[in-house]
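Participant: need a structure here:
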Amino acid sequence: MVSVTRLAYGASMSHYEFRMQRLFVDQDLRNGFHLQADRAQANYLLNVLRMKEGGEVLVFNGRDGEWRAQVLPTGRKACQLIVTEQMREQTPLPDLDYLFAPLKLARLDYMVQKAVEMGAGRLRPVITQFTQNPKIKQERMDSNVLEACEQCGVLSIPSVMEPTQLKKLLSTWVQEEGERQIIFCDEGHGSLNPIDALKDVPKAPLAVLIGPEGGFSEDERELLQSLPFVHSIPLGPRILRADTAAVAALAVVQAKLGDWL
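Facilitator: Modelled structure (predicted):
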């Protein structure tokens, strides 16, 4: 329930409406439909933004694209949204997995939001030997995904998977994921240039793996380096926090192998 501040997937800057408020709704979207805003949305529109009858917002549901809708107050704390015009057609979910060791809450919130902004289509928490926060709240991560979608014009909503142990994930990877390649950020990599390290990655669906603040254990690094579908990359000469490394790694991968091309 925030204003759009960044360019959305598949939208050109000249045709995207940056100034309108944007809301996720879990209802079908068609011209002329009347949607009942939930309590939090109605309070935000009527009492925080002080929108009046006829005020306009953008709405999306992850299925039917993005639509313009008019606010129709039905009480002090209630309103409907009248769907009037489709602004953008639905876009497909990005085919990029983001595997990450959960961090402490505030930084986990940030990391989840940034992964969505950077084009992750599926978020998969991975429990490693040095994971700081093995108990995560699925509902909180789902909420952060939706918030990032609202903020950044994302139309297809990434899914959040249940946490899994790293070794278990790797043991069944080929059977479950086929040709998908894993790119993992290796603090012990012998070089500094991630672009060079990405040159040998086969053209295939990708996953980016980020470890915890303490990094991967030696056993985990040895296991990762032994697998043919795993490719290690450095992230330059500086030590990065795990949440910063996530943004840096996703940016490098998208620029070299992903949908920034």
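
Participant: all strands for the stretch 1-150 of the chain, in order.
Facilitator: 2-3, 21-24, 34-36, 56-60, 66-75, 78-88, 96-100, 122-127 (DSSP state E, counting those that start in this stretch).

Participant: looking at the ones you listed, which has the lowest confidence?
Facilitator: Looking over the strands of the stretch 1-150 of the chain, mean pLDDT reaches its minimum on strand 2-3, with a mean of 40.

Participant: residue 36 pairs with what?
Facilitator: residue 80 (DSSP bridges).

Participant: ok, it to residue 127 distance?
Facilitator: 40 Å (C-beta to C-beta, to the nearest Å). All C-beta atoms are positioned from the backbone trio N, CA, C, and that covers glycine.

Participant: comparing the two, which residue is more hemmed in?
Facilitator: With neighbours defined as other C-beta atoms under 10 Å, residue 36 and residue 127 compare such that residue 127 has more, 20 against 14.

Participant: and residue 225, how many neighbours?
Facilitator: 15.

Participant: does the closest residue to it other than its chain neighbours lie in a helix or a strand, and which?
Facilitator: Nearest non-adjacent residue to residue 225, counting by C-beta to C-beta, 6 or more residues apart in numbering: residue 232, 6.3 Å away. For residue 232, the element it lies in under DSSP states H and E is strand 230-233.

Participant: centre of the chain to that strand, how far?
Facilitator: Relative to its parent chain, strand 230-233 has a centroid offset of 21 Å by C-alpha atoms, centre = their mean, to the nearest Å.

Participant: neighbouring contacts of that strand?
Facilitator: Strand 230-233 is contacted from outside by 170, 181-186, 189, 194, 197-198, 200-201, 209, 224-225, 249, 252, using C-beta atoms under 8 Å, 6 or more residues apart in numbering.

Participant: ok, back up a step: so of the strands of the stretch 1-150 of the chain, which one's packed in deepest?
Facilitator: strand 96-100 (a mean of 24; mean count of other C-beta atoms under 10 Å).

Participant: tell me the strands beside it, with direction?
Facilitator: Partners of strand 96-100, by DSSP bridges, with direction: strand 122-127 (parallel), strand 206-210 (parallel).

Participant: in CSV: these, plus distance to residue 31.
Facilitator: Shown next, in CSV, are those (distance: least, C-beta to C-beta, whole Å):
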stretch, distance to residue 31
strand 122-127, 31
strand 206-210, 38
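
Participant: what number of residues lie near the closest residue to residue 261 other than its chain neighbours?
Facilitator: Nearest residue to residue 261, sequence neighbours excluded (C-beta to C-beta, 6+ apart): residue 255, at 7.7 Å. Here the number of neighbours of residue 255 (other C-beta under 10 Å) works out to 14.

Participant: before we move on, back to that, which of the contacts of strand 230-233 fall in strands?
Facilitator: 181, 182, 183, 184, 185, 209 (DSSP state E).

Participant: what is the lowest-pLDDT residue among these?
Facilitator: Minimum pLDDT across these falls on residue 185, with 89.

Participant: any idea how far the closest residue to that residue other than its chain neighbours is from residue 96?
Facilitator: Closest residue in space to residue 185, ignoring its immediate chain neighbours: residue 249 at 5.0 Å, by C-beta to C-beta, 6+ apart. Separation of residue 249 from residue 96 (C-beta to C-beta): 11 Å.

Participant: who touches both of these two?
Facilitator: residue 208.

Participant: pLDDT below threshold where in this protein?
Facilitator: For the chain, applying pLDDT under 70 flags the ranges 1-18.

Participant: adding distance to residue 214 as columns, could you present the strands of the stretch 1-150 of the chain in JSON lines?
Facilitator: Below are the strands of the stretch 1-150 of the chain laid out as JSON lines (distance: least, C-beta to C-beta, whole Å):
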{"stretch": "strand 2-3", "distance to residue 214": "34"}
{"stretch": "strand 21-24", "distance to residue 214": "35"}
{"stretch": "strand 34-36", "distance to residue 214": "46"}
{"stretch": "strand 56-60", "distance to residue 214": "38"}
{"stretch": "strand 66-75", "distance to residue 214": "41"}
{"stretch": "strand 78-88", "distance to residue 214": "42"}
{"stretch": "strand 96-100", "distance to residue 214": "14"}
{"stretch": "strand 122-127", "distance to residue 214": "13"}
